[in-house]
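Trainee: Okay, sequence plus prediction incoming.
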Amino acid sequence: MAHFAEIDENNVVLRVLVVDDRATQNEDGDEVESIGAKYLNDAFGGTWKKTSYNHNIRGRYAGVGYTYDATKDVFIAPKPYPSWRLDSNNEWLPPVGKEQPTADWENDKVYLVRNWNDAKQKWEL
């Protein structure tokens, strides 16, 4: 099965559909993205980009709300917080590294840092 993401005029993913491999194959039985994209365009309209459930192409599996970056030819997840930046692997990073969990072994307690507070620019329990 092949997976395709429909993108809007701003390259934002609207939906992801699964297509039978036969709808993407040329006369030699090779899977061709443009054939699958045309098949979906004929059926539903829109612009379609192949995505890989196994992350083999375009960096990651596309999801609704993701953005397709045509220059990098990758799908990028939505930015989780205004202060976060995109790294060279197209992953969002906070401005402050995630703190390591702290432990109070004498009282059998472990404290995990869980949530980013963008207003305070820090991780909170």
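Mentor: Perfect, thanks for sending it. Quick caveat: nothing in here was measured; it's all calculated off a predicted structure.
Trainee: and the closest residue to E33 other than its chain neighbours, what is it in contact with?
Mentor: Using Cβ to Cβ, 6 or more residues apart in numbering and skipping the chain neighbours, the partner closest in space to E33 is K50 (4.5 Å). Just so you know, the C-beta spots here come from the backbone N, C-alpha and C atoms, and that holds for glycine as well. K50 sits next to A2, H3, F4, A5, E33, G36, A37, I57, R58 when contact means Cβ atoms under 8 Å, 6 or more residues apart in numbering.
Trainee: which of these has the most neighbours?
Mentor: A5 (26 neighbours; other Cβ atoms under 10 Å).
Trainee: Roughly how far does the residue lying closest to that one once chain neighbours are set aside sit from D20?
Mentor: Nearest residue to A5 in three dimensions, chain neighbours excluded: A62, at 3.7 Å (Cβ to Cβ, 6+ apart). From A62 over to D20 the distance is 19 Å, taken as Cβ to Cβ, to the nearest Å.
Trainee: just N54 next, same as before
Mentor: 18 Å.
Trainee: Same drill for those two, tell me which one is more crowded.
Mentor: For N54 and D20, the more surrounded residue by other Cβ under 10 Å is D20, and the numbers stand at 11 against 7.
Trainee: and the closest residue to the more buried one other than its chain neighbours, what does it touch?
Mentor: Leaving aside its sequence neighbours, D20 sits nearest to M1 (Cβ to Cβ, 6+ apart; 6.6 Å). By Cβ under 8 Å, 6+ apart, M1 lies in contact with V18, V19, D20, D21.
Trainee: Give me the neighbour count for W123.
Mentor: Around W123 there are 16 residues (other Cβ under 10 Å).
Trainee: before we move on, the earlier item: among the contacts of K50, which are in strands?
Mentor: A2, H3, F4, A5 (DSSP state E).
Trainee: Next one: the last one from D73, what distance?
Mentor: To D73, A5 is 13 Å away according to Cβ to Cβ.
Trainee: Narrow the contacts of M1 to just the buried residues.
Mentor: V19 (16 or more other Cβ atoms under 10 Å).
Trainee: quick one: which of the contacts of M1 is nearest Q121?
Mentor: Nearest to Q121 out of those is V18 (Cβ to Cβ; 40.5 Å).
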